[in-house]
Structures are given as C-alpha cells and as structure tokens.
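Colleague: can't give you the sequence, but here's the structure:
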DNA sequence: AAGGGGACTTGGAACGACATGT
DNA sequence: ACATGTCGTTCCAAGTCCCCTT
C-alpha cells in the first residue's frame, strides 16, 4: 500500500530533509526620473523608501480598495513611517498626493509585457523554469518532492477580505534575517544570499515545513511547505477521508444522541446539541472566537450571535422556521431559511431569551468544548469532519441518483457537475458571477442557434436524398445533433454555475475515490473530471479506487 | 478555563498562459 | 497574426484545531 512504507509511529514526519531555502522577492527598482510624484500640485522627489511604498498605492489606484477610508488611513499612517523627516513635514494629507504618473507607468509596463516578442517571453519562461528546478524541489526521505510555495511573499499593501480593520497596512519586505530554516542535520543546509544570515536553522522533524517567517500585519507565522502532490500531504488527505468514513459508521448513533440531548436538563448540553445539529445538517464551520478589531467580523456555528438568527413560529404554511443570516469565512454571506424540529425551535427560543443582538447565541459553548465532546464520541472526530463527511456522502448519493448509464459522456459529466454543485451549495461555496458572464452566455447561445440551423438544413438534405434514393445524409445529421447536444449541455452547466464555486469542494471536501470509482464505472476518462494538477494531487486515489469503491 | 502560539487546511480572486475563432 | 474567452495556476488571507502556559 502506497503510504504504509514510510509511516512513523513516534509522531515524526521525516528522517531526512534537504532543500535550497526560499527565493526572495526582487529588490526595489526606483522609478525612472520621468515618472514623477506630485504633492499639492508640485513635483516632489521621494526618497527610495518612501517611493517604494508610494508605488504600492499607485498600483492599486484603479481598485475600489484605494477609495476606502480605512484603507487610506492605514496606508497613510504606515507610509509616513517610511518617510524622511523632511518628507513627513511636507506630506500631511493623502488627498493632496498625485500618484497618477506612477500608475500610468505600471500600466504601460504591463502592456509592454503583453507585447513582448516570442523570444523574450520564452527567455522569461526558461528563467522561471530554471528557478523552479533549482528551488522548487526538496528531498524528503527517499523522494524528490515539489515544494508548494518556494518564494517569500513580496512587500505590498495588505488587502484583507470584507470589512477588514487592517486593510491598507504595509506588508514589509521579508529578508533572510526573518527566515527560520528547517531541515535535517545531515542534509546540505541552504545558503543565505551573500552578505546575509538566516534568523535560525533548526532540525525539527515533528513538523512538515521547510522555512517560516513571522508576518507583520497579524503577527502570524507563514510557512513554506510541500505541494499537494507530495507524499506527506497526500497521506494526510487520505487520513482525513478515512476519518470521515469512520464518522459514516457511527453517525446514526451520534445523531440519536444529540437529538436526545435536546431534552437535557443542562443548558450547556442543549446548546451543544443544537449547535451540533446545525453543523451536521447545515454544514456550518465550527466558529472559533476571534480577537475583536484584529479581523473582519465573521462567525461560524459556535460564534453565532443573536443578531444572526430569526425565528418564525409560522411562515407561509411552514412551522418552526429558522432564518440564518451572517458573514462566514472570507466574509461570504450565509443566508438560509429552513424548517427545523419543534424541539430545536423551542431550544433556540430559550437561548435567545433576555439577550441583546450582539450577545452569543450559544453562550455556554465554544469550539474547544464542542470538540472535546466530539472526541469522546469518536476517535479523531472534530466539527470539520462533519463537513467532509456530509460533502462526500452527498456527492456519492447525488451521483447515484443523477447518472443515467445510457447518457452520452457530456451528459454524464453534466450530472457529475450537478452532484458537485449540490455539495458546493451545501457548503456555501459562492463566487462573484464572472465579469464576462452575460456576454459569454450570449456567445454560447449564438453558437447553439447556428448549430440548430445547420441541423435543420442537414435534415432537409436527408429528406431530399431519401426521396431521390441516393446515399444517406444520416451520418451527418447525427454528428450535428451530437454537437448541438454538447453545446446545450455546456450552456445549462454554465448557467447553473453562475454563482457557485466548485473548486473548493472538489479539492478539499470530496473523497477523490468516489470520483475515480464513478469514472471507472461509467467509462469516463479521468481527465474529464480532474486536470493534470488535480490528478497529481489525487494520484493516491486514482491508484487505489476500483469501480465499486464505496465511501 | 482562558489565552496565546503554532501548524496545518480551506477559500475566493487575481493573474497569466493557452485555446479558439476570425 | 490577432483578439478574445477560458481555464489552470498562483496568491495569500482566513479558517480549524491542537498544545502549552498560567
């Protein structure tokens, strides 16, 4: 079995680790003299440090970010820290700053890049390939593995998502002195760039990362880790789905228990049981507490507040309807209105009693309490396992329900995408409709119309041919029919997918063995479902799953 | 139990390369 | 050859969960 050979029992992740360290962002290149900055209408030459930060803002001039108050305030504050005392004395108002020549310059640069000749583009591509070959791989135990991100993040302005209090702050440049290297003692250690030193070199084989640094916005640690195709990531992924399959075996018991707990005398147990019901039924995230003012105000299950929920004893013929409306991860809105069991409803009414909108719905619960309880119900069980389990089981059920054995391959793939879509909707994976959506739908419709015309012409010819007892045009009609059907399927698929993002569920929630088995069962080439990168990530599953695999 | 640090997974958008049609 | 749309890749933020300290 592919993972067994290298598993360690003592919690260590590897015995040998060798790599070249990260690639750093290129140094700042000052603006050419002809590109000027104006303050209050007057030309002003900036010091290199101040100019660099100014260019970060200039690059974002066309973005909505740069008009937001918080963004501008944070930027200006951090920018001033980079100025000389002379600059600081003059530049006191961001509204009097004119970055437009810098902005034009970057636009021209990007245009020039597009206009480069084939040879120039090829040269850049080769240089990138060389860098990848040199720095993009490491040796972990006996394998050469691809590194996920071998570059440090370049400096720039922080762009949080949603209403982020830190948007616009300066993300500082990462230097070798910020980097902790992790590798094995007996490996050839990476060399810092000439004239510099690493912050530290350590040999910790209880972790999987190769290098790390502390980022200055939140003070959190960033890592350089392996690519999803690596053994270490694949094995972890496989384990994740095995845990979810474990839940499948005992989910009935757990559901019976939490339904029972809705009647508990203890408030904390009732809250735990209702929260778990939400996590199971609605696939909500756990909802850790967050430090106020440090991040956007978003919530998950355990951190839901009174203001996020409405109870309707009766609404449009339905009883006991719960309305949830809150911002979840990445400030994506979750909105759902659904009937629940009477007991759940009554409990929720109880939890809401005598509370203010900003109070916690589950005031006797947090993720740590919940996960401790889950751990007792099943080894390795945590809140997120429910999302994985419900996503994967939904895919499997939907595939069973939607696939018609006699359908053509495109029609079967539409069924697959619809099953995938059911999961994405469950997990609330939304996207902004693509900017070109309407137009591309129109184009597709034009193609369909043309194809229909072609078909009717071909059919007329066929009739004529038959009347003449000549050779049949039947083949031709069939071919056009097939093309038409393909286009129609494509249109349906695209329309249904307007605001749904399939990628996240496909990559993180759906046991790939379900898809592999489905492909084998219905003779669909795996390339139709997974692209090259995805096939590399899921190599273990492609290797493992037969057509009768059951999640 | 509270709080913070650390390691790892999950997430949508931006970017850029490539395919396709003209 | 060029423009345009599509799709894969990269980016890096934002979650989860565990562990340690107090």
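Modeller: Arrived safely. Everything quoted here is computed from the prediction, not taken from an experiment.

Colleague: Wondering if the longest strand seen in chain A reaches DNA strand B at all.
Modeller: With secondary structure taken from DSSP state E, chain A has its longest strand at strand A:318-327. No - using Cβ under 7 Å from any atom of the strand, strand A:318-327 stays clear of DNA strand B, coming no nearer than 11.7 Å. Just so you know, the C-beta spots here come from the backbone N, C-alpha and C atoms, and that holds for glycine as well.

Colleague: Next one, pLDDT for the residue in the stretch 451-551 of chain A that DNA strand C sits nearest to please.
Modeller: Nearest to DNA strand C, among the residues of the stretch 451-551 of chain A, is residue A:533, at 3.0 Å (Cβ to the nearest atom of the strand). If you check residue A:533, the pLDDT there is 94.

Colleague: what's the answer for residue A:501, then?
Modeller: pLDDT recorded at residue A:501 is 88.

Colleague: Tally up the residues packed near it, please.
Modeller: Look at residue A:501: counted by other Cβ atoms under 10 Å, it has 17 neighbours.

Colleague: And residue A:8, by the same measure?
Modeller: Neighbour count of residue A:8, defined by other Cβ under 10 Å: 11.

Colleague: Assumed residue A:337 was part of a strand.
Modeller: Yes - assessed with DSSP: H, G, I helix; E, B strand; the rest coil, residue A:337 lies in a strand.

Colleague: That one pairs with what?
Modeller: Residue A:337 has these beta-bridge partners by DSSP bridges: residue A:323.

Colleague: from what I can see it touches residue A:316, true?
Modeller: No - shown here, residue A:337 and residue A:316 do not form a contact pair, counting by Cβ atoms under 8 Å, at 9.8 Å.

Colleague: Could you give the separation of stretch A:179-189 from the chain centroid?
Modeller: 30 Å (Cα atoms, centre = their mean, to the nearest Å).

Colleague: Revised request: answer the last question for stretch A:20-36.
Modeller: The answer for stretch A:20-36 is 29 Å, by Cα atoms, centre = their mean.

Colleague: hmm, who's touching it?
Modeller: A:43-45, A:48, A:51-52, A:55, A:101-102, A:105, A:131, A:134-135, A:138, A:150-155, A:173-176, A:179, A:181, A:190-193, A:198, A:210-211, A:224 (Cβ atoms under 8 Å, 6 or more residues apart in numbering).

Colleague: ok, of the residues you listed, which come out buried?
Modeller: Applying 16 or more other Cβ atoms under 10 Å to these, the neighbour count classes A:51-52, A:55, A:101-102, A:105, A:135, A:138, A:150, A:152, A:155, A:173-176, A:179, A:181, A:190, A:192, A:198, A:210-211, A:224 as buried.

Colleague: Which members of these occur in helices, if any?
Modeller: Secondary structure from DSSP state H places A:51, A:52, A:55, A:101, A:102, A:105, A:135 of the buried ones among the contacts of stretch A:20-36 in helices.

Colleague: And the pLDDT at residue A:466?
Modeller: 63.

Colleague: What residues does the stretch 251-400 of chain A have near DNA strand C?
Modeller: Residues of the stretch 251-400 of chain A lying near DNA strand C by Cβ under 7 Å from any atom of the strand: A:285-288, A:290, A:295-296, A:298, A:300, A:328-331, A:367-368, A:371, A:375, A:382-385.

Colleague: out of those, who's near DNA strand B?
Modeller: Answer for these near DNA strand B (Cβ under 7 Å from any atom of the strand): A:285, A:329, A:330, A:384.

Colleague: nearest residue to the last one other than its sequence neighbours?
Modeller: Spelled out, that is residue A:384. residue A:286 (6.4 Å; Cβ to Cβ, 6 or more residues apart in numbering).

Colleague: so that neighbour is in which element?
Modeller: Under the criterion DSSP states H and E, no helix or strand holds residue A:286.

Colleague: Can you get me a residue count around it?
Modeller: 21.

Colleague: hang on, the earlier thing: which strands and helices sit next to the longest strand of chain A?
Modeller: Packing partners of strand A:318-327 (3 or more Cβ pairs under 8 Å, 6 or more residues apart in numbering; DSSP states H and E): strand A:309-315, strand A:333-339, helix A:342-352.

Colleague: Swap in 10 Å and give it another go.
Modeller: Secondary-structure packing of strand A:318-327 (3 or more Cβ pairs under 10 Å, 6 or more residues apart in numbering; DSSP states H and E): helix A:267-282, strand A:309-315, strand A:333-339, helix A:342-352.

Colleague: Check which residues of it are buried.
Modeller: For strand A:318-327, the neighbour count (16+ other Cβ under 10 Å) marks A:320, A:321, A:322, A:324, A:326, A:327 as buried.
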